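Participant: Need a 3D model of the following:
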Amino acid sequence: MKKNHNIFIGGLFIIIGTLFLLSNLGYISFSWSYVWPLALLVPGIYLHMSFFTGMDKNPGILVPGGILTTYGLLFYANVVFGWNIMAELWPVFLIGISIGLLELYLFGSRDKALLIPITILGGLGLIFLTNTIYILNRKYLAPAFLIVLGILILLKSDRRQNTQSRPKPDGSEIIIKEEKQE
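Facilitator: Have a look, this model is predicted:
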């Protein structure tokens, strides 16, 4: 793993140095404004490659990987289309965190507690993003999001009330689901 890491970092420095040298010699037109988002994008992609190729089996690296990749792409969009679009794309900062946590949930231990921040950050990010780019109006999307969130909370609460635990002789518990009679 260390050898692959060194090859990747060394190759990256050679490519960036060559681009700077060719720019300084006048062979290519090279601007730093197109390179600096790579400081976020490359590590994000590298963390993803490390996990999916098996170099690092810890799914926790997907959280910063997802965040850095999302933010790198966001900044590239700003460099290409102008920084005035940041007024509309700022919700991507919330969505980036949600993407990192979602990757941890999907490829990690599927800890259901992660779904809470994923839903809150991703939902808010999408609500604000859709409002700023005028796909949907927040006037309708925000109430719909709150209604769905409330229904999910009630359903989870209902499931907990319908289960009881009974101790077993070995000290563990048996969960018994009660049937509702109407």
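Participant: which regions of this protein sit below the pLDDT cut-off?
Facilitator: Regions of the chain meeting the criterion pLDDT under 70 cover residues 1-5, 30, 131-141, 158-182.
Participant: So which residues of it form helices?
Facilitator: Secondary structure of the chain, counting by DSSP state H: helices at 2-24, 38-52, 62-81, 86-89, 92-107, 115-132, 138-161.
Participant: Reformat those as TSV; add mean neighbour count and distance to residue 31.
Facilitator: All C-beta spots, glycine's among them, are computed from the backbone N, C-alpha and C. As requested, those are exported to TSV (neighbours: other Cβ atoms under 10 Å; distance: least, Cβ to Cβ, whole Å):
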stretch	mean neighbour count	distance to residue 31
helix 2-24	11	8
helix 38-52	17	13
helix 62-81	19	9
helix 86-89	14	19
helix 92-107	20	23
helix 115-132	17	28
helix 138-161	11	37
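Participant: Would you reformat those as JSON lines and include distance to residue 32?
Facilitator: Listed next are the helices of the chain as JSON lines, based on distance: least, Cβ to Cβ, whole Å:
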{"stretch": "helix 2-24", "distance to residue 32": "9"}
{"stretch": "helix 38-52", "distance to residue 32": "10"}
{"stretch": "helix 62-81", "distance to residue 32": "10"}
{"stretch": "helix 86-89", "distance to residue 32": "19"}
{"stretch": "helix 92-107", "distance to residue 32": "23"}
{"stretch": "helix 115-132", "distance to residue 32": "28"}
{"stretch": "helix 138-161", "distance to residue 32": "37"}
